[in-house]
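Colleague: sequence? don't have it. structure:
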């Protein structure tokens, strides 16, 4: 909460400071100092023609999207604490708990291993999850959603450009939810801030961010056998889920850390930058030239108007005439504009005295000299708009030298007040497990861009890691070290280009030296026919080290200590995506994985000797008739080999029937309301192990074959989206057989509401 208040205070301070615009002092003219009127002239344009396309969200790979305030069914699917579509995930009962997987994605693998504890990573921001902005006005957004039993989630950000070159972004997401079941409190915090900068001529550009997180969950080990029976039989004495017994109430796990990231580059040479620099110089000269001409025109104006106005201002002030007195005034041919006397016309009819004539002669003499000098200055500038050079993006070429730096610390902790026989015997009475991981990556790259060739980048990485515990563990048959520490040197290249509507991407990396081994080749080709349809094919071959917690682990529990020397996982996949405008999209992938690593039935790390052969096909279709839409997503999965250690449901489907329309006169409110049903076939889902924060194999329980029915009513009022959802409303009449994992029930009927509010200041 303190971080959130600090973010809000800092944001409003920046908005206030940014709103202070210095304006020129009124009353300036040719009779005041020219140095204050014309020198260093600055033109500030305040335009009301800002468009929604000016509000840009930029990824680390420079892919650009727009700030979107519309209400769609896709926004409803993403209205959760992850703010992502969770179609392939199965949520646990409390908001902020982990998810069980219904489908897997083996694309875009990294050469460098992670700390593990993968069940804690859903609310963790990867480098690709932190965005950079470019906005014409300060912009902020807040998402609020109620939790389970005393809780909520709030995610807010503020971003602003201090200039066209510099953007600052700051955000915080806080979550706290007590939960319906005993000892399931979730308390999460994610702070992130980013900077996006480029110089005026794009010679230097920079993206940087800082991210910190602390993800705490109380753990109960699931329901006891007796409580499972009470739950499934819908015993009326246990409708209050807090009365159900759980396996333990004294444990929690925590995943926390921070990351510093920097990506910057300089342009060694660029035709586009050279052209932009030339155009900027011409623009500056034109501005000076026009300012000089305006000054000359001002000096040329007859100053008689000034003398007459001075006389009028100096004359005794008289009360305003009444309407009748105005009508009785003698008619004159002096024109009246907007009920104000035209001074210039009055000057022509006003006789000047001899003294006035002498003053005019003196002023005109001074002016003529000044005009002559200004004409000389204007003639020396010699500029016109024809000197601008058009920029052809397709004919650009250049070279950049860049550097990427990342340093991150991560800590995973499991604590339990007393030993529990579920995990076996222990060395200590109080369990305090702590895993630490520090990693640093430095990457230097040289990027070349040219027509037809596209963007070609060569890169070299130095990766340093330290995965460690507090002490060496000496066992009777084995000595388990306290750390895995080393460094790696890797080289590679990536390439992007397009030929009309055909887009090509390729990336290759290989570790050439160090304590780890691995290599990767990735490629994709996409054909895009405007916004009608597009096709994309992709393939990847990767050899990578398994997660560190599968190679080395230490715990106060005796059965959770190991050191393994696993082979690299060998991942091969090929896939295709096809989409046809507003009708259907198909995504298929075929995966072959050798040396697949997992946690077996005893929660020990293991490596498969059999090749995993995994096919996944997802089809999305949307049909609209008048105000009604049927939105369907179906996923088919098949494991032809490796089903003994890799389990997924054969069919997962989500179908939504909803009504959309504007309500009330003037269409102030847009409504979407309907029902979503999600279903998956039965399978031996992995069990959740809170000590490891991993999912492990089990062969005794099947889950699935139950529909999850959700009713929703969402509305949009200007830039505010309101959400109301009744989750799993079929629980009361379709049986209590719904589980997220063995002994972990899915949530009962729950009413949730929230909003997303976007401000453009």
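Modeller: Perfect, I can see it now. Computed from a predicted structure; not experimentally measured.

Colleague: now do residue 443 against residue 702, distance only.
Modeller: With distances taken as C-beta to C-beta, to the nearest Å, residue 443 is found 46 Å from residue 702. Using the backbone N, CA and C atoms, a C-beta is placed for each residue, glycine as well.

Colleague: for residue 102, what are its contacts?
Modeller: By C-beta atoms under 8 Å, 6 or more residues apart in numbering, residue 102 lies in contact with 87, 88, 89, 90, 635, 648, 649, 652, 680.

Colleague: tell me the one of those nearest residue 450?
Modeller: Of all the contacts of residue 102, residue 450 sits closest to residue 88, with 40.2 Å by C-beta to C-beta.

Colleague: that closest one: neighbour count?
Modeller: Residue 88 has 19 neighbours, counted by other C-beta atoms under 10 Å.

Colleague: and if you look at residue 702?
Modeller: 16.

Colleague: now do the helices in the protein.
Modeller: With DSSP state H as the criterion, the chain has helices at 2-18, 34-38, 73-77, 225-232, 271-300, 304-314, 323-328, 343-348, 354-381, 548-551.

Colleague: helices or strands next to the last one in the packing?
Modeller: Going back to what we said before, that points to helix 548-551. Helices and strands touching helix 548-551, by 3 or more C-beta pairs under 8 Å, 6 or more residues apart in numbering; DSSP states H and E, are strand 605-607.

Colleague: quick one: contacts for residue 261?
Modeller: Contacts of residue 261 (C-beta under 8 Å, 6+ apart): 127, 130, 208, 209, 210, 211, 404, 405, 406.

Colleague: quick check: bridge partners of it?
Modeller: residue 209, residue 406 (DSSP bridges).

Colleague: how near is it to residue 237?
Modeller: Taking C-beta to C-beta, one finds residue 261 at 53 Å from residue 237.

Colleague: do the same with residue 199
Modeller: Going from residue 199 to residue 237 by C-beta to C-beta gives 70 Å.

Colleague: the more surrounded of these two?
Modeller: residue 199 (14 against 8).

Colleague: worst mean pLDDT among the helices of the chain?
Modeller: For the helices of the chain, the weakest mean pLDDT is recorded on helix 34-38, namely a mean of 32.

Colleague: and residue 520, bridged to which residues?
Modeller: Applying DSSP bridges to residue 520, the residues it is bridged with are residue 509, residue 542.

Colleague: contacting residues around it?
Modeller: Per C-beta under 8 Å, 6+ apart, neighbours of residue 520: 109, 111, 492, 507, 508, 509, 510, 540, 541, 542, 543, 544.

Colleague: any idea how far residue 104 is from it?
Modeller: 18 Å.

Colleague: ok, now residue 268?
Modeller: Taking C-beta to C-beta, one finds residue 268 at 42 Å from residue 104.

Colleague: likewise for residue 111?
Modeller: For residue 111, the distance to residue 104 - C-beta to C-beta - is 19 Å.

Colleague: neighbour count winner among the two?
Modeller: residue 111 (22 against 15).

Colleague: how about the nearest residue to that one once chain neighbours are set aside, phi and psi?
Modeller: What sits nearest to residue 111 in space, not counting adjacent residues and going by C-beta to C-beta, 6 or more residues apart in numbering, is residue 518, at 4.3 Å. In terms of degrees, to the nearest 10, the main-chain angles of residue 518 are phi 160, psi 160.

Colleague: count the neighbours of residue 518 for me.
Modeller: Counted with other C-beta under 10 Å, residue 518 comes out at 21.

Colleague: who's in contact with it?
Modeller: Contact analysis of residue 518 by C-beta under 8 Å, 6+ apart lists 111, 112, 510, 511, 542, 543, 544, 545, 568.

Colleague: what's around the fourth one, how many residues?
Modeller: Put plainly, it is residue 511. 23.

Colleague: relative to residue 693, how far out is it?
Modeller: Counting by C-beta to C-beta, the gap from residue 511 to residue 693 is 28 Å.

Colleague: what's the answer for the last one, then?
Modeller: Taking C-beta to C-beta as the measure, residue 568 falls 24 Å from residue 693.

Colleague: just the third one next, same as before
Modeller: Counting by C-beta to C-beta, the separation of residue 510 from residue 693 is 31 Å.

Colleague: between the two, who's got more neighbours?
Modeller: Taking neighbours as other C-beta under 10 Å, residue 510 and residue 693 compare with residue 693 leading, 23 against 14.

Colleague: pLDDT below threshold where in this protein?
Modeller: For the chain, the stretches with pLDDT under 70 are 1-49, 271-286, 288-289, 292-293, 296, 299-369, 371-395.

Colleague: kind regards, and thank you for your time.
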